[in-house]
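# Give me the fold of what follows.
(one chain, ligands or ions: 1)
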Amino acid sequence: MTISLAELARYADGLLETASIPDYPNAVNGVQIYSPSPIRGITAAVDFSTRAVEGAIASGGNLLLVHHGMFWGGLEPITGSHYRRVRMLIESDIAVYASHLPLDRHPTLGNNVLLAKELDLQPSASFARFEDTFIGVRGESDIETAAIVTSAQRFARIHGGDVRTSLIQAGRRTRTWAICTGAGASADTLKEASTLGIDTLIVGEGPHWTAVHAEENDLVIIYAGHYATETLGVRALAQHLGEKYDLPWNFVSAPTGL
Ligand SMILES: [Zn+2]
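Residues are numbered from 1 along each chain as shown. Model prediction:
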């Protein structure tokens, strides 16, 4: 069976509801660079980067799936490193497909639901409103907050990251938690957490003031790394598409240290 980029992208756009999920303008969800050849293999990476492109070339495949796409840094001329990456892609006939919030919030392949699974937490509702959709998940538990930190630490270290937390009192328990991967600690999510009575918020990263706010409001924020918390979705999407179309797939680990 051969599968064209257009056909695979049509399926992925439907699966991820790309057309109806709002996102930041720079996300440019869907096909970002075209390849005329049938798809031979899929490489997933969190970020569009030189390491990701080199990984895609080395894999012998010709579709690079990323969470943060080619335009994530905003409008920039195709010069310097941007030019080198675009040139490598075109010379190697590699297409790029990006999925940001549609992948974050997906109910089975999403970063948020999969991070909950990694941490042994069962989501029962959604969290982190963005326009008319919800990106994250939340649920109830009765475990020591420190135990969640330990699981998050184990997970983050596999992906070259580490975990930071706001102040945690000894013996503290987590009864209502929420997850928003990536840059998940923000004025909006903290306000939502307070409205919903969330006591533990698990995110990728957030500004310094969020840790101060947490301590003042009986909230614990677990910062498990922007990169690490967003490794799950692209990997699951690549696996899903690989199995559906009988294509080889791989994941390029390219931790950023954040
Ligand atoms: Zn992100």
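# alpha carbons only for contacts and neighbour counts from here, please
Fine.
# got a list of what L65 touches?
With contact set as C-alpha atoms under 8 Å, 6 or more residues apart in numbering, L65 has these partners: 42-45, 96-99, 234, 238.
# at 10 Å what do you get?
By C-alpha atoms under 10 Å, 6 or more residues apart in numbering, the residues touching L65 are 30-32, 42-48, 52, 56, 95-99, 234-235, 237-238, 251.
# now, which of the residues you listed lie within strands?
30-32, 42-47, 95-98, 251 (DSSP state E).
# In TSV, list those along with neighbour count, pLDDT and distance to A170.
Formatted as TSV, the ones in strands among the contacts of L65 follow (neighbours: other C-alpha atoms under 10 Å; pLDDT from 0 to 100; distance: C-alpha to C-alpha, whole Å):
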residue	neighbour count	pLDDT	distance to A170
G30	22	98	46
V31	23	98	48
Q32	16	98	48
I42	26	98	46
T43	29	98	43
A44	31	98	40
A45	31	98	38
V46	30	98	35
D47	26	97	37
A95	23	98	50
V96	24	98	47
Y97	25	98	45
A98	27	98	42
F251	23	98	38
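# how about the residues you listed in JSON lines, adding distance to E243?
What follows is the ones in strands among the contacts of L65, written out as JSON lines (distance: C-alpha to C-alpha, whole Å):
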{"residue": "G30", "distance to E243": "20"}
{"residue": "V31", "distance to E243": "20"}
{"residue": "Q32", "distance to E243": "23"}
{"residue": "I42", "distance to E243": "11"}
{"residue": "T43", "distance to E243": "13"}
{"residue": "A44", "distance to E243": "14"}
{"residue": "A45", "distance to E243": "18"}
{"residue": "V46", "distance to E243": "20"}
{"residue": "D47", "distance to E243": "23"}
{"residue": "A95", "distance to E243": "19"}
{"residue": "V96", "distance to E243": "19"}
{"residue": "Y97", "distance to E243": "17"}
{"residue": "A98", "distance to E243": "19"}
{"residue": "F251", "distance to E243": "14"}
